[in-house]
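Participant: Sequence and predicted model, in that order:
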Amino acid sequence: MVETVVGVVASRLTDLKVGEFFSQYGVQDQIESLEREHKKVESFLKDFEGHVGWDEMTRLWVKEAIDLSYAIEDVLERFLMEIEGDRQIQGGFLNRLKNISRRTITLPVQETLAKDITKINAKISDLRESRSIYMIENLGELDRPKEASPSRPLRPGHEMVGFEAEERKIMSQLLDGNPKHSVISIVGPGGIGKSTLAQKIINSELVGRNFDFAKSMSLPELGKYEKSELKEKKYLICLDPVGSNDSWNELVKSLPNFRNGSRILITTRFFDVTMKANVQHSLPFLSDEERRQLLLKEALLYQSPIENQVKNLGDIPIKLARQCGGLPLALSVVGGILSKKSPTLDAWEMVLKTWDWHSDGKECMDILATSYEELPDYLKYCFMYFACFRKDEEIQAKSLIRMWLAEGFIPTKVTRPTTSAMPEVATTILETPEETANSWLEKLVQRCLIQVTKRYSNGNIKSCRIHVVFHELAIGKAKESNFLLVYKSDTLARDLKVARRVAFHYEVDGFNTFEENMLQETLMPNARSFFVSDVCIPIGRTLRFLKVLELRGTKDLKDLPQELMYMIFLRYLGLRSTGVTKIPKTIDNLGNLRIFDVRDTLIESLPDSLWGIKPLRHVHVSDRLDQVDGPPPSANLQNIQSLKTVRVLKAWRSKGLPLLPSVRSFGISCHRIIDEPDLQPYWVLVNRLLDSLENLVSLTIRGPYIPGGVIDNIRSFQNMKSLFLCGSGSRLNLDSFQMPPNLIKLKLQQFVLDKDPMPILQKLRGLKTLRLIWLTVPCEMKCSAEWYPQLERFEMVFLSGLENWTVDEGAMPMLKKLLIGSCFKLKVLPNLKYLNNLREFSLSNPSDTLKEKLIQNPTDCVPSGYQLSYHGSAGFRLSSVS
């Protein structure tokens with residue numbers, strides 16, 4: 001990462017409106033000089049971006065240039081802290097002192113700024129000269145990264161472990177007798193075994209008997225290959241590997257097509273490459289048993305019988321295998337290290353305790369680094385950012401994206417082309433920064449660097465995970481460029497002092513008393529982001545330059561430290577699941593705050609001063625108790641994009657509604673309005689507020705007796721995709737129930753329904769997620785043929801009164817996930833055999849009658865090839881028939 005660092009600093013310079021702000025303090029010339037010098041550093045480093053094969057001298061020179069870029073940012077923000085910090089925190093006092101105050105405060109600061117800029121100019125001159133002296137200028141000698149297979153070939157005498165099912169599927173498609181020329185793709189992250197599997201197939205006896213020509217080639221080799229040699233032959237060509245920008249499809253089209261069953265097999269790390277293939281095979285990570293088997297075979301050099309040699313090793317092989325996360329390359333590297341040790345408990349336990357991927361597993365890291373080096377510059381820091389999360393953590397995409405926004409990674413103005421019926425008329429639309437960030441995250445997924453764990457109904461990523469070995473790669477690259485430091489027990493105080501971002505995670509061994517004392521005494525003056533998970537770390541004033549502060553899960557944190565109110569650059573404050581109960585009135589000192597998250601806390605109110613922070617963009621409070629009042633009357637919240645979930649404020653009746661012209665995701669509640677038995681006037685306020693929200697995409701409404709007028713108003717939102725209505729046990733009239741036509745996600749909770757909801761809700765033809773929770777329903781519900789054509793997820797939980805549910809053939813054809821819980825009167829499951837796409841089914845707390853039927857006949861009502869397995873208190877799950 002080279003241009004990445006200076007790019008972020010450059011955008012920071014622009015963000016702060018250097019000329020406009022500093023002119024009033026008489027230092028505009030100095031700041032413009034600083035900006036010019038930064039551009040010189042940026043131009044130096046652009047020459048090096050995308051090159052590999054640096055010698056040690058070049059590497060040190062680049063590091064010095066990056067440090068200079070950081071130094072420029074430090075000088076700028078120290079000056080801002082002295083001026084803007086004092087003005088913001090003591091604003092009234094400074095205004096009274098006016099020019100006298102300005103002279104007394106800024107004169108020494110001006111002198112310091114001038115000295116700092118002089119030092120930086122001298123360093124830049126030295127840097128320019130050293131580039132010539134040490135002959136670092138000749139970049140022609142440096143190589144750009146080339147597409148290379150991120151794996152090791154299968155060594156003689158070694159056998160592949162896993163992927164038997166994938167091998168059978170691919171082989172059947174190669175030999176299916178179809179005369180059409182077709183392309184079969186194998187996709188997966190580096191080190192998963194794509195090349196190994198492809199070579200095994202190419203070299204198999206079955207392929208040899210059925211193809212006249214079978215060979216693995218690179219794209220350049222295929223381009224030079226004499227195509228006439230394939231004349232009239234049935235051929236199998238494996239292109240290994242194919243990169244994202246390779247024009248492989250054109251080369252494939254140039255191959256002769258004799259309609260004799262010839263095949264092309266490609267391996268790639270890029271999902272977008274596979275879009276042009278006829279068939280896609282995505283390789284999974286190895287199962288626990290496959291991991292153990294491969295590790296032992298590599299460690300014991302494929303000697304037999306293996307089990308006799310590992311009897312005394314206990315669970316050490318399993319623990320070692322887990323460190324590799326099912327990645328064959330990693331397992332092979334660890335196994336190679338173990339093969340040089342005696343197979344004893346002490347020897348293998350020592351490897352487990354001391355293993356370090358960046359030294360012991362360097363071979364693996366070097367291979368996987370190819371995937372990182374090939375990333376465009378703007379994605380490199382997005383990838384490295386995953387180092388701030390815990391190993392194997394399920395990461396909420398919205399939180400991640402908002403951190404990227406707070407860091408300044410995402411440009412504020414990006415356009416994308418729109419589809420048009422008239423191709424000659426080129427049109428573009430402006431993306432929101434959130435939309436741009438979503439597309440960047442998708443690009444990391446497409447490159448197999450990140451795995452999606454859940455998606456929203458609209459297709460956007462809800463949560464994701466980074467593989468444990470790629471997580472180590474991110475940690476290594478982040479540390480290498482001083483982008484981010486993950487604290488460990490052996491971390492030195494001097495490393496913390498220079499770190500730009502610091503992450504602390506509670507691990508098994510935790511923090512001992514010595515470490516806690518050391519952290520209290522250690523200064524982190526250069527930290528711009530600070531991440532803490534589940535452990536209370538002292539926060540001092542030396543962290544005053546922070547942009548991101550994430551404290552999720554820190555239950556021991558009861559009160560926000562006063563030092564936090566001096567962090568005037570802070571943009572992201574994450575207090576979710578902490579022990580914090582109160583937000584101080586001085587929160588408006590954080591004048592740059594954009595994201596404020598206090599979900600799953602016991603905070604009962606927010607100070608009015610919070611709503612005076614103009615850049616505020618996302619505010620999320622706990623919606624479990626509907627305990628936090630909304631913004632004050634007539635508050636002008638121009639930039640708020642999401643606000644969930646707040647309570648209607650009494651003062652809105654007399655003093656006016658808040659203005660939320662940009663809000664896209666909104667949650668409002670009429671619960672627990674003190675001393676107000678009649679809620680009708682407040683529902684009128686909700687209706688008036690909805691009238692002013694033109695851009696709503698997601699809406700949550702909670703409260704008893706939601707009136708028909710509010711329901712009718714909701715219907716008018718043409719762009720709304722997600723709706724959650726919670727009625728607190730009140731009756732919902734389905735006769736007049738009409739929803740926004742383009743809904744894809746609907747949740748109804750705590751209503752009494754007089755009629756079967758299925759015939760009414762099926763009119764929402766684009767619905768993909770339907771959740772019915774805590775409803776009183778009639779004894780019978782029915783889903784007829786052709787209903788819910790797009791539905792993928794259906795939940796029925798605590799449906800009081802439901803005894804019979806029928807599903808006709810042709811209903812819910814796209815259903816993938818069905819969850820039924822605590823429907824205590826349900827006597828029988830409907831026939832689900834026709835739900836061919838069903839992959840996940842859960843039935844918890846069934847009636848005794850239903851439970852007994854399913855135990856006796858586990859395959860009666862489920863799709864072919866599946867059965868229901870009973871898991872005690874966890875209920876029934878869908879599983880494959882072995």
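Facilitator: Alright, I've got the coordinates. Numbers count the residues shown, from 1 in each chain.

Participant: got the CA coordinates for the helix or strand where R494 lies in CSV?
Facilitator: Using DSSP states H and E, R494 sits within helix 493-498. Taking C-alpha atoms only, helix 493-498 is exported to CSV below (Å, rounded to 0.1, in the frame of the first residue of the first chain):
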residue,chain,number,x,y,z
ALA,A,493,5.1,0.7,23.7
ARG,A,494,7.1,2.4,21.0
ASP,A,495,4.9,0.6,18.3
LEU,A,496,1.8,2.0,20.0
LYS,A,497,3.2,5.5,20.0
VAL,A,498,3.5,5.5,16.1
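
Participant: Can you name the element that comes right after whichever strand or helix holds V710?
Facilitator: In the assignment (DSSP H and E), V710 maps to helix 708-714. Sequence-wise, the next helix or strand downstream of helix 708-714 (DSSP H and E) is strand 722-731.

Participant: Per-residue pLDDT of the residue most central in space within the chain, please?
Facilitator: The centroid of the chain falls nearest to A397 when counting by Cα atoms, centre = their mean (3.8 Å). Note for A397: predicted pLDDT of 96.

Participant: Assess the claim that it and S463 are in contact.
Facilitator: Yes. Between A397 and S463 there is a contact under Cβ atoms under 8 Å: 6.1 Å. C-beta: built from backbone N, CA, C; applies to glycine.

Participant: give me the number of residues near S847?
Facilitator: The number of residues packed near S847 is 15, by other Cβ atoms under 10 Å.

Participant: Just the helices from the stretch 401-550 of the chain, written as ranges.
Facilitator: When assigned using DSSP state H, counting those that start in this stretch, the helices of the stretch 401-550 of the chain occupy the ranges 433-446, 468-480, 493-498, 513-521.

Participant: Was I right to think N210 contacts L175?
Facilitator: Yes. If you go by Cβ under 8 Å, N210 and L175 touch, sitting 5.6 Å apart.

Participant: Can you show me the helices along the stretch 651-800 of the chain?
Facilitator: Using DSSP H, counting those that start in this stretch, helices in the stretch 651-800 of the chain cover 652-655, 680-691, 708-714, 758-761.

Participant: The ones you listed into CSV, with extra columns for distance to F737?
Facilitator: Converted to CSV, these look like this (distance: least, Cβ to Cβ, whole Å):
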stretch, distance to F737
helix 652-655, 27
helix 680-691, 17
helix 708-714, 7
helix 758-761, 6
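
Participant: who wins for proximity to P813 among the ones you listed?
Facilitator: Evaluated with Cβ to Cβ, the helices of the stretch 651-800 of the chain place helix 758-761 nearest to P813, the distance being 15.3 Å.

Participant: one step back: how about the helices of the stretch 651-800 of the chain, which one is nearest I192?
Facilitator: helix 758-761 (41.6 Å).

Participant: quick one: buried residues of that closest one?
Facilitator: Counting neighbours by 16 or more other Cβ atoms under 10 Å, one finds that the buried residues in helix 758-761 are 758, 761.

Participant: what does stretch 482-491 give?
Facilitator: 482-487, 491.

Participant: same deal with stretch 255-266?
Facilitator: Using 16+ other Cβ under 10 Å as the test for burial, stretch 255-266 gives 255, 261-266.

Participant: Could you verify my assumption that S69 touches K39?
Facilitator: No. At 10.6 Å, S69 does not count as touching K39 under the criterion of Cβ under 8 Å.

Participant: Let's have the helices of the stretch 401-550 of the chain in CSV, adding distance to R390, mean pLDDT and mean neighbour count.
Facilitator: Formatted as CSV, the helices of the stretch 401-550 of the chain follow (distance: least, Cβ to Cβ, whole Å; pLDDT from 0 to 100; neighbours: other Cβ atoms under 10 Å):
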stretch, distance to R390, mean pLDDT, mean neighbour count
helix 433-446, 18, 94, 19
helix 468-480, 9, 93, 22
helix 493-498, 19, 84, 14
helix 513-521, 18, 51, 12
